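*Asks:* give me a 3D structure for the following:
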Amino acid sequence: MEGFRDLKELVIDKLPFEVLWLNSKGKVVFANEMFCQAMGYTKKEVSKLSISDINVTVTPESWKNHWEEVVTKGTINFPVTHKTKNGKFYNLEVYAQCFSFNGMKIICAILKETSESNFYKNLIDYTRVIGSMGGWELNLQDGSIFATDCTLNIFNTKNKEDLIPQKIAHIFQNVSRFKSLIDQLIKEGVAFDEIFETRDSPTRYIRAITKPILKGGKIFKVSGVYQDVTEVKERDNNLTLYKTIIDNAQDLIYVYNDKADLLHYSESLIDKLGYSKSELDNSNMFVLDPFITQEFWEFHFDELRKKGIHRFEWLTSRKDGTKFPVDITASHLRYNGVDYSCAVVRDISVKKKRDLELREALEEIKSLKDRLEVENEYLQEEISGKINFNNIIYTSDSYKKVLTKIDQVAYTDTTVLITGESGTGKELLASAIHSNSKRKNRPLIKINCATLPKELIESELFGHKKGAFTGAVTNKMGKFTLADGGTIFLDEIGEMP
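*Replies:* Numbers count the residues shown, from 1 in each chain. As a prediction, this is how the structure comes out:
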């Protein structure tokens with residue numbers, strides 16, 4: 001581990017790029033000084049971060065797929081957008097490589113900022129002039145060609161004869177397309193302006209602009225301009241990829257200003273909310289969600305300006321008026337002096353359903369716990385143990401017949417009426433029936449009906465809710481409920497009104 005620290009301090013911290021190491025869980029293993037400065041964190045703060053804190057679009061599933069891709073391929077590069085500590089977003093080009101250290105696989109990401117973000121859509125500032133531009137002119141009469149030094153540099157040659165269009169065509173991947181356009185230019189005077197991909201490795205993108213030069217109504221020269229637009233094209237490709245990723249995200253993504261105008265959005269809104277693209281293009285948050293008030297909107301934006309982020313749960317409305325629960329994380333962005341907010345909205349319907357099922361399960365457990373406590377209290381009050389036939393002593397043949405009937409009826413769920421004078425052992429017979437039945441593992445609930453006041457009979461047998469009558473200060477479970485699955489013995493039932 002000491003060697004690891006030496007390597008970090010002597011090499012990685014000195015690199016002119018942001019460097020980030022992550023483990024398979026997406027936890028930050030190491031970040032160099034430049035990364036910490038760009039993100040606005042101290043090294044101690046960075047060590048507590050995960051990839052989802054840095055890139056808000058990352059989900060556990062997407063990180064798992066990304067990890068597997070890097071481990072499988074070894075090295076990949078791609079564009080990405082990171083969120084700083086103060087809530088700002090900026091674009092980077094990432095070169096990710098997998099390596100092992102002390103038996104642990106780690107992704108090393110080298111990051112280079114590619115452009116300044118203009119809120120969450122990461123639009124590239126296309127006003128920059130990227131690459132060089134070189135001119136050329138071909139004389140169709142004698143086949144001579146003129147080219148500027150810049151043109152020669154673009155094609156990495158010192159011989160201007162290499163720039164004759166029919167030769168240049170073979171530099172591009174789409175040879176036939178370039179030749180066809182040149183033929184139309186020379187024969188028909190049709191100008192063109194197109195971008196061609198080269199056969200180089202790595203490939204480049206060259207913009208070719210041409211036009212005919214006429215003399216006496218005839219084409220005697222053609223001229224043009226070549227421009228290396230590789231950087232622009234790659235950024236355009238990255239932007240397209242990023243937009244595709246955003247549009248295919250399951251979460252709903254909104255970008256809006258402080259007036260609640262919807263400026264950008266992911267295409268997932270169309271499917272999830274039921275609006276058409278034209279409706280969303282001219283909409284605002286008050287239209288999309290009529291439950292958002294002006295007061296709430298002002299409070300929401302104030303929170304964004306103060307804290308940089310505002311997270312809350314909400315019920316989002318669809319076009320048809322139905323609603324679904326969501327978790328909203330809105331981040332404050334400031335671009336060209338204007339405040340914007342990017343909201344990532346996640347459907348939590350499944351989570352809410354699971355929470356409800358969990359609450360119901362806990363309520364059921366609590367109910368069963370309360371019932372067991374009442375049963376236990378009741379059983380503790382019983383002074384007699386388990387009674388069976390062995391506890392009954394008899395000599396009479398007629399009583400033997402009674403016990404035979406008990407043995408027969410015990411295995412049924414039928415109601416049994418036991419009659420006899422006081423003191424003849426009716427309760428013993430009831431206990432014997434219960435002890436020899438399939439209900440014996442549940443309680444035998446005994447009630448002396450003769451001692452119950454008529455005003456309390458209903459409450460005692462069936463229970464009551466708190467406040468059902470004067471003196472009902474708590475919920476009470478009835479004896480029939482306690483006896484569920486077991487046996488209830490109503491002693492002296494003939495005394496009931």
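
*Asks:* any weak-confidence spans in this structure?
*Replies:* In the prediction, the chain carries residues with pLDDT under 70 at positions 1-16, 101, 114-132, 236-250, 377-391.

*Asks:* for residue 86, helix, strand, or coil?
*Replies:* Reducing the assignment at residue 86 to three states with DSSP: H, G, I helix; E, B strand; the rest coil gives coil.

*Asks:* for it, what are its contacts?
*Replies:* By CB atoms under 8 Å, 6 or more residues apart in numbering, the contact set of residue 86 is 40, 308. Just so you know, the C-beta spots here come from the backbone N, C-alpha and C atoms, and that holds for glycine as well.

*Asks:* now it: how far from residue 100?
*Replies:* Counting by CB to CB, to the nearest Å, the separation of residue 86 from residue 100 is 35 Å.

*Asks:* same deal with residue 113?
*Replies:* Residue 113 sits at a distance of 29 Å from residue 100 (criterion: CB to CB).

*Asks:* between the two, tell me which one has more neighbours.
*Replies:* Neighbour totals were compared for residue 113 and residue 100, and residue 113 leads with 14 against 8 (other CB atoms under 10 Å).

*Asks:* contacts only, for the more buried one.
*Replies:* Residues counted as contacts of residue 113 (CB under 8 Å, 6+ apart) are 18, 38, 90, 91, 92.

*Asks:* what bridges to it?
*Replies:* For residue 113, the beta-bridge assignment (DSSP bridges) gives partners residue 92.

*Asks:* what distance do you get for it to residue 34?
*Replies:* To residue 34, residue 113 is 10 Å away according to CB to CB.

*Asks:* check residue 216 too.
*Replies:* 63 Å.

*Asks:* equivalent analysis for residue 354, please.
*Replies:* As judged by CB to CB, residue 354 and residue 34 stand 42 Å apart.

*Asks:* cool, residue 110 as well?
*Replies:* Taking CB to CB as the criterion, residue 110 is separated from residue 34 by 10 Å.

*Asks:* give the pairing partners of the one helix or strand residue 447 maps to; include direction for each.
*Replies:* When secondary structure is defined by DSSP states H and E, residue 447 falls within strand 444-448. Under the criterion DSSP bridges, strand 444-448 sits next to strand 487-491 (parallel) in its sheet.

*Asks:* any idea how far the strand it pairs with is from the chain center?
*Replies:* Between the mean C-alpha location of strand 487-491 and the chain-wide mean there is a distance of 57 Å, by CA atoms, centre = their mean, to the nearest Å.

*Asks:* what residues does it touch?
*Replies:* Under the criterion CB under 8 Å, 6+ apart, residues 426-427, 430-431, 433-434, 437, 439, 442-450, 479-480 lie in contact with strand 487-491.

*Asks:* setting aside sequence neighbours, what's the nearest residue to residue 284?
*Replies:* In space, not counting the residues next to it along the chain, residue 284 is nearest to residue 260; the distance is 4.6 Å by CB to CB, 6 or more residues apart in numbering.

*Asks:* the more surrounded of residue 354 and residue 34?
*Replies:* Taking neighbours as other CB under 10 Å, residue 354 and residue 34 compare with residue 34 leading, 17 against 11.

*Asks:* gap between the residue nearest to the more buried one when sequence neighbours are not counted and residue 92?
*Replies:* Excluding its sequence neighbours, the residue lying closest to residue 34 (CB to CB, 6+ apart) is residue 18, at 5.0 Å. For residue 18, the distance to residue 92 equals 7 Å [CB to CB].

*Asks:* find residues that contact each of these two.
*Replies:* Common neighbours of residue 18 and residue 92 (CB under 8 Å, 6+ apart) are 111, 112, 113.

*Asks:* tell me the one among the residues you listed nearest to residue 455.
*Replies:* Within these, distances to residue 455 taken as CB to CB reach their minimum at residue 111, with 80.3 Å.

*Asks:* how many neighbours does the closest one have?
*Replies:* Counted with other CB under 10 Å, the burial measure for residue 111 works out to 19 neighbours.

*Asks:* since that was my last question, I'll sign off now.
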